[in-house]
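K.L.:
Quick check, what structure comes out for this input:
(2 chains)
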Amino acid sequence: MKKGTISNFLSHGLLIFLAAIWVFPIIWIVLTSFRGEGGMFVPYIIPKEYTLDHYRYLFNGNSNFPFVKWFINTFIVSVITCILSTFLTVSMAYVLSRLQFKMRKPMMKVSLVLTMFPAFMSMIAVYYLLKAVNLTQSLFALILVYSAGAALNFFIAKGFFDTIPRTLDESAMIDGASKAEIFTKITLPLSKPIIVYTALMAFMAPWMDFIFAKVIMGDNVEKYTIAIGLFSMMTRENADHLYMAFTAGCVLIAIPITLLFIYLQKYYVEGITSGSVKG
Amino acid sequence: MSEIVTTISSSLKQYSTFFKEGSAIRNLSFFIMGALHLSKGQIVKGSLFLSAEIGFILFMILQGFSAIGGLLTLGTVQQGWVMDQELGIEVLAKGDNSMLMLIYGIMAITLCILFMCVYHAHFKSMKYISELEKKGMAIPKFKDDVKSLLDDKFHITLLSIPVIGVIVFTVVPLIYMISIAFTSFDHNHLPPKNLFDWVGFANFSNVLTGRMAGTFFPLLGWTLTWAFMATATSFIFGVLLALLINKKGIKGKAVFRTLFVLTMAVPQFVSLLIMRNLLHASGPVNVFLEEIGLISAPIPFLTDGLIAKLSVITINMWIGIPVTMLVATGILMNLPSDQIEAAKIDGANGLQILKSITFPQILFVMTPSLIQQFVGNINNFNVIYLLTEGGPVNSNYYSAGETDLLVTWLYKLTIETADYNIASVIGIITFVLSAVFSLLIYTRSNSFKKEDGLG
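P.N.:
Model (predicted):
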């Protein structure tokens, strides 16, 4: 009994220590965003003065760093991307998991091959394609690119559909349901976890991508998403005096994403494990 | 490849037999698409086929043939100064733009292939009509065709938009970039000022044996080391963390789990830039260590080649461990406990059970996701770019630093030095690496043998 208590005590200690390491950078960001003094580097953790100036700076409509505009841009892009790419991913996954047709296996193999090319390789080509149709520096282009890429991320969702028993489809078919009816009335209502997971992933992507968006938007600051906007605050000439404003911006975007994430954690776990169990 | 050849030759055979036994109107349909459909009263379908053909022929005459021709030459007229007789001064004459010619050529060929698919669909639809006629059955109306798109052909309905998206935004750009690997498109041949041309495999030999080899092989070695270390550390410690959290008697399991998962919600460019700041020579970590007297000079966490490599692997654990922990937790809940019970009765201790039962079981289930992680780490742009930007710079390398992976080098080659051809070769090699590793591990792993693998 005594041995158990000691090992329990040690385990708790270790866990608390590890959790502290993991949470430390996040706390550091929050503290820095309220720090009143200093620049990029200070040799201590707890700020000496607290201020809300950095948050005010973000909302004051500075023309080089229109934070509110960036926030709205990102929100528009991610809501539309979320709807479109969830639709694309789920239909692709459903078809490749459930419907029988000649091209099914070749299509799976081709998609697997396509996902193995580094994304940066096609980035420049996509840029020139968009330029050819005059779509660069627009939010629409971003939405197009993000959503079109989503179709290839179907493997996790397919793993989920594979686990829904086929007998359900068969009995519905005997009752005279068409395939479209089976999809919309039987499979989709059963697939809430994977739909939420896919939507969550699609919603979060535009908040985090800073490379592709930058290539498409170039120097059009007005059309930046929040990720490139914040990233542009960290260039060599700005980094020192904008560092605290940068962290304030990070706190502001991390809050909604984190809340959403915690709220939907259950679906996230289900999604990520169903994908790994079935490959 | 041989599959494709046999498919094409068998469909050509089908075409010729079908043509020999056909009636006049049916054979006319081979040349004027939709003729058969129109004659049988399928007005909408017939006119769709007909307009597809007319549109395609018009496109080919107006643009297509010249675009494909341009693909072969990649331009012959260089931009330059030409004497303008009227003005009496030299003016800038526009030359050919090799890059645009390449893009238009590829698009024209893609359209040709798409048209061939439409043509084949037309052929199949003719065959279908003839079979129905032979059996004396009614030929479906347009309404019936639409209905079948929701039933027998539902896959076509669902797939059409995603497939178009993938073709336009993934396949065509990839073909373009792969073609670039066989051209001389580098910083000395930038359109529209200069032309570039086809050079065969010269870029590949440049990377493998030529001037770039001195950069390529060290980076390749580091990329593989990094991918292996990053995947292995995240996996082992992630599983250990999951075991620790799920141990009997641990209180607040959900709280701990949430604390770790929380870090996944923070965008990587935020957390990694912060880490970079923390580890800077005058950052808090170094200052703290100096103050307590452990070190006398700052540790070059991210600015010394070897230490930087160790640092990025360590910091990557901060990102990787929570992911593995989540997946492993899900798996642990569902693991059968009978083997563990049996081992306990046989007197196995905790470590033995962990080593011989729990770990192999988790490894079995997680193999596919481990492969994904390994390939993902070969392509792990964010961690390297945000932490070190590939630095510290190594003067022996061409435009690369000590911690550069092949992908970050690829990025630098496109954005910084504009050596698109070398970048594209690197991209192809990275692809081959990912593909080979996936296949090797995939086919040898138990989960592939026991399950249906690709489905």
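
K.L.:
looking only at pLDDT, what's the mean for stretch B:142-152?
P.N.:
Throughout stretch B:142-152, pLDDT has a mean value of 80.

K.L.:
Pull out the buried residues from it.
P.N.:
B:Ser148, B:Leu149 (16 or more other CB atoms under 10 Å in any protein chain shown). (Glycine included, C-beta is placed from N, CA and C.)

K.L.:
domains in the chain, as residue ranges please.
P.N.:
You didn't say which chain, so I picked chain A. If you go by the TED database, the domain ranges for chain A are A:1-50, A:64-274.

K.L.:
not quite, I wanted chain B
P.N.:
Domain segmentation of chain B under the TED database yields B:20-81+B:88-199, B:212-452.

K.L.:
Those domains: which one's closest to A:Leu130?
P.N.:
domain B:20-81+B:88-199 (9.3 Å; CB to CB).

K.L.:
what about that closest one, how long is it end to end?
P.N.:
Domain B:20-81+B:88-199 has its terminal residues 46 Å apart, counting by CA to CA, to the nearest Å.

K.L.:
ok, and does that domain reach over to chain A?
P.N.:
Yes. Against chain A, domain B:20-81+B:88-199 shows contacts by CB under 8 Å from any CB of the partner chain at B:99-100, B:103, B:147, B:150-152, B:154-155, B:157-159, B:161-163, B:165-166, B:168-174, B:176-177.

K.L.:
what does stretch B:286-295 give?
P.N.:
Yes. Stretch B:286-295 lies within reach of chain A by CB under 8 Å from any CB, at B:Val287, B:Phe288, B:Glu291.

K.L.:
Against B:Val285, how distant is the last one?
P.N.:
Distance, B:Glu291 to B:Val285, using CB to CB, to the nearest Å: 11 Å.

K.L.:
Give me the more crowded residue out of those two.
P.N.:
Between B:Glu291 and B:Val285, B:Val285 has the larger neighbour count (other CB atoms under 10 Å in any protein chain shown), namely 17 against 11.

K.L.:
Which residues belonging to the longest helix along chain B are considered buried?
P.N.:
In chain B, taking DSSP state H as the definition, the longest helix is helix B:98-135. Residues of helix B:98-135 classed as buried by neighbour count (16+ other CB under 10 Å): B:98-109, B:111, B:115, B:118-119, B:122-123, B:125-126, B:129-130.

K.L.:
now swap in stretch B:53-73 and tell me
P.N.:
B:Glu53, B:Phe56, B:Phe59, B:Met60, B:Gly64, B:Ala67, B:Ile68, B:Gly70, B:Leu71.

K.L.:
and the fifth one, how far is that from chain A?
P.N.:
Translated: B:Gly64. 16 Å (CB to the nearest CB, to the nearest Å).

K.L.:
Report the spatially nearest residue to that residue, omitting neighbours in sequence.
P.N.:
Using CB to CB, 6 or more residues apart in numbering or on different chains and skipping residues adjacent in sequence, the residue nearest B:Gly64 is B:Ala108, 4.7 Å away.

K.L.:
In the chain, mark out all the strands, start to finish.
P.N.:
In the absence of a named chain, this looks at chain A. Ranges of strands in chain A, per DSSP state E: none exist.

K.L.:
meant chain B, my bad for not saying
P.N.:
Under DSSP E, chain B gives strands at B:80-84, B:89-93.

K.L.:
residues contacting B:Val207?
P.N.:
B:Ala213, B:Phe216, B:Ile422, B:Val425, B:Ile426, B:Ile429 (CB atoms under 8 Å, 6 or more residues apart in numbering or on different chains).

K.L.:
Restricted to helices, list the residues you listed.
P.N.:
Counting by DSSP H, the part of those found in helices is B:Ala213, B:Phe216, B:Ile422, B:Val425, B:Ile426, B:Ile429.

K.L.:
Return the residues of the stretch 151-279 of chain A in contact with chain B.
P.N.:
Selection of the stretch 151-279 of chain A residues close to chain B by CB under 8 Å from any CB yields A:151-152, A:158, A:162, A:178-181, A:183, A:204, A:207-208, A:210-211, A:227, A:230-231, A:234, A:243, A:247, A:250, A:253-254, A:257-258, A:260-262, A:265, A:268-270, A:272-273, A:275-279.
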